[in-house]
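Give me the fold of what follows.
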Amino acid sequence: MTNSTTSTIGGLPVEITRKSSLKNMYIRVNPPDGIVTVSAPNDIGDETIKNFVLKRMPEITKVRDRILAQARQSKREYVSGESCYLWGKPYMLQVTYAGNRYHIEKTPNRIIMTAPVGSTEENRERVMTEWYRSELKRVLPTVLKQCEDRIGVVANACNVKYMKTRWGSCNVAEKRILINLQLVKKPVDCLEYVLTHELVHLLEKSHNNRFRSLVEKYCPNWKDAKQFLQDMPLDHMEQGDDADE
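Predicted coordinates:
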């Protein structure tokens, strides 16, 4: 059973969702507008939730300010003249209408999409997304193996998923890693940093001093990579888009 309400806490509107399946409370700050959401068990009272949020308000404000300041690309229509990124480099998109099949190829400065006459924006976006997925999956195994060999751990699986609130995640119990599809648009160093971050969780679950020292050891340029992730434009998002876990 799920019950949702909205309350103002610390001057911010907070969307509160109570679920019978939850045992703990969770806070998320959601892009693109920094909306704060709390998920809580059904038996948690309003005052407990309020105190939970207020205690974490400095961190919430910091994350929210960063999200609101993050540059985002304008809404894509997947037509000629738009810019798109691949491994940190900007390309101009060129769309040619011909035939009845989709095809994408990359030149030194352009990404050329051939699409059927009358193709829809939705279909062009789908084809572009799948092309990005294939590009990431082409590079991912090599970078993953390098990171695993360097750290001395092996993931049971490393999958790609379009995520809107995180660059990667690690299920430590199953040794399974998820990588954000958007990383295909960032420099390869960023992919290496995120993979290192997630693999190090197999040695240290918490983001404590040991965890940070291990990331520093196995990815010395992590600060530069993290700065790239913060500075480069993210995909356009509409408020209300579902966020992947």
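
so after the lowest-mean-pLDDT helix or strand in the chain, what's the next helix or strand?
Taking mean pLDDT, DSSP states H and E as the measure, the chain has helix 57-69 as its least confident helix or strand, at a mean of 81. On the C-terminal side of helix 57-69, the closest following helix or strand by DSSP states H and E is strand 83-86.

got the contact list for that following strand?
Residues outside strand 83-86 that contact it (Cβ atoms under 8 Å, 6 or more residues apart in numbering) are 73, 76, 90-93, 106, 111, 128, 132, 135, 184-186, 232-233. The way it works is simple: take the backbone N, C-alpha and C, and place the C-beta from them, glycine included.

Quick one: buried ones out of the residues you listed?
Burial by neighbour count, judged by 16 or more other Cβ atoms under 10 Å, picks out Gln73, Arg76, Tyr91, Leu93, Ile111, Met128, Tyr132, Glu135, Val184, Lys185, Lys186, Met232 from those.

returning to what we had before: what is the least confident helix or strand of the chain packed up against?
strand 26-30 (3 or more Cβ pairs under 8 Å, 6 or more residues apart in numbering; DSSP states H and E).

Show me how far the strand it packs on is from its chain's centre.
14 Å (Cα atoms, centre = their mean, to the nearest Å).

ranges for the strands of this protein?
Counting by DSSP state E, the segments of the chain that form strands are 2-9, 12-19, 26-30, 35-41, 83-86, 89-97, 103-106, 110-115, 157-161, 168-171, 176-180.

which one of those strands is the most hemmed in?
strand 176-180 (a mean of 21; mean count of other Cβ atoms under 10 Å).
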